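>>> With the sequence up front, the predicted model follows.
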Amino acid sequence: MKTIAFFNGFYLPHFGGVERYTYNIGQNLISKGYRVIVITSQHNSNLPLEETIDGIKIYRLPIKNIWRERYPFLLKNQNYRNLIKKIEEEPIDHFVVNTRFYMTSLLGVELAAKRGKKAIVIEHGSSYLTLGNPLLDKGLRQVERYLIKKIKLKTDLFYGVSKEAANWLIEFNIKGKGVLYNAVNQEDFKKYHQENSKGEKIIISYSGRLIPKIKGVEILLSVFEQLTKEFNNLELVIAGSGSLQKTLKKKYKQKNIKFLGFVTHDKVMEVNALSDIFVLMSRSEGFSTAMLEAGLLGNVIITTPTVGGAHDVVPDETYGYIIENDEQKLLTTLRTLLLNKIKINEIKKKVSRRILENFTWIQTTESFIKVFEEMED
């Protein structure tokens, strides 16, 4: 049985796209006869340093208290050294590093190099990491560039979760080897999908963090407020929490705007199943899981060119809309769409079918296995 080791800055129960990517690929690899381990940070001090969940062995390295939930700095104490010794004794066949900018990323490529192997490094973004503070971001950018410089000395096997993510690597003079797509669980379609027959009501949705400027939720709310003066059959559902949550709830008190706050994955999928249009005016995404899941359950996708995977999911306007991150452009696009419910229904079916046929975890896992086999030849 071959062992695959994933090196992550964070892993479950920490919630995020990279964490879910790792979990789903891991589960599918296990179903194919592989053994999977994850080396990550102990982002919550209440979590054990070692445990096995759903067949995946997890090693959690201790970290410093600063920015525990945003950027884990490894704490190289005795617990750390003990865990590293155990990891070095693991019979790892392939090393997979998720993202280029964590301390665990450098650790993964260095441990692989010690065994005469090259780690696979997967890019999940299409821009630099941000902490939302220009001064801190400047320092963090230097850390990123330092880490990627060190990582490049140990491996040249770089992939992206979308074409945009792979192309972003050019920023570091790296030519990506290919794409190991972010994906969805095809079983979710069977579990949640329903033929929308809600009469005349049209539901627009957004799911993700509520943070200033980056995700574009402010633009969506402003546009929706204007559209409700023209259309009386609209509802907007916002699923997610963040620093903007209280401010936005106070500003937008319309009855047809629902702020759900933080919700479970099941609830997000229930929202997607009822929604008609999903809007993500983000400035940067590697390959938005929220976009994929909304499209899977039959939402017209409206997003921006800077969202990774946008052109993969929406190759032309029969699948949705890729527009500039501009309020007037979103207003015009939504207005045109809302006047043509037949087109809405046609796009919903087409984009759902495209995602089922091209972006499932089964397909991405097969791509991983192909890469592993090529490395062994």
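Received the coordinates, thanks.
>>> From now on I want contacts and neighbour counts done on CA atoms only, so please keep to that.
Fine.
>>> in this protein, which helix or strand is least confident?
Using mean pLDDT, DSSP states H and E, the weakest-scoring helix or strand in the chain turns out to be helix 134-152, at a mean of 85.
>>> Mind checking what helix or strand follows that helix in sequence?
Using DSSP states H and E, the helix or strand that follows helix 134-152 in sequence is strand 157-160.
>>> Outside of the least confident helix or strand of the chain itself, list whatever touches it.
Applying C-alpha atoms under 8 Å, 6 or more residues apart in numbering, the contact partners of helix 134-152 are 100-103, 105-106, 109-110, 128-131, 172.
>>> what about 10 Å?
71, 99-103, 105-110, 119, 121, 128-131, 158, 171-174 (C-alpha atoms under 10 Å, 6 or more residues apart in numbering).
>>> What subset of these is buried?
71, 99-103, 105-110, 119, 121, 129, 158, 174 (16 or more other C-alpha atoms under 10 Å).
>>> Give me the subset of the residues you listed that lies in strands.
Judged by DSSP state E, these include 121, 158 as members of strands.
>>> Any stretches of this protein with poor pLDDT?
69, 130-132, 195-199, 213-215, 283-284 (pLDDT under 70).
>>> the strands in it, which residues?
Assigned strands in the chain, in chain order: 3-7, 35-41, 50-53, 56-61, 92-98, 120-123, 157-160, 178-179, 202-207, 234-239, 257-261, 277-280, 300-303, 320-322 (criterion: DSSP E).
>>> Run the chain-centre distance for the last one.
What that stands for is strand 320-322. Centroid separation for strand 320-322 versus its chain: 19 Å, with C-alpha atoms, centre = their mean, to the nearest Å.
>>> elements contacting that strand?
Applying 3 or more C-alpha pairs under 10 Å, 6 or more residues apart in numbering; DSSP states H and E, one finds that strand 320-322 contacts strand 277-280, strand 300-303, helix 310-313, helix 327-338, helix 341-358.
>>> if we can go back for a sec, and the least confident helix or strand of the chain, which residues are buried?
140, 144, 145, 147, 148, 151, 152.
>>> same check, this time on stretch 256-270
For stretch 256-270, the neighbour count (16+ other C-alpha under 10 Å) marks 256, 257, 258, 259, 261, 262, 268, 269, 270 as buried.
>>> now the fifth one: how far from residue 306?
Put plainly, it is residue 261. 25 Å (C-alpha to C-alpha, to the nearest Å).
>>> Hmm, residue 233 and residue 341 touching each other?
No - the criterion here is C-alpha atoms under 10 Å, and residue 341 misses it with residue 233 at 11.9 Å.
>>> any common contacting residues for the two?
200, 202.
>>> hang on, the earlier thing: make TSV from the helices and strands packed on strand 320-322 and add distance to residue 8 and mean neighbour count to it.
TSV is the format used below for the helices and strands packed on strand 320-322 (distance: least, C-alpha to C-alpha, whole Å; neighbours: other C-alpha atoms under 10 Å):
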stretch	distance to residue 8	mean neighbour count
strand 277-280	26	25
strand 300-303	28	27
helix 310-313	25	21
helix 327-338	36	16
helix 341-358	25	18
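>>> Reformat those as a markdown table; add distance to residue 225.
What follows is these, written out as a markdown table (distance: least, C-alpha to C-alpha, whole Å):
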| stretch | distance to residue 225 |
| --- | --- |
| strand 277-280 | 14 |
| strand 300-303 | 17 |
| helix 310-313 | 26 |
| helix 327-338 | 10 |
| helix 341-358 | 20 |
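>>> To residue 190, which of these lies closest?
Residue 190 lies closest to helix 341-358 among these, at 10.9 Å (C-alpha to C-alpha).
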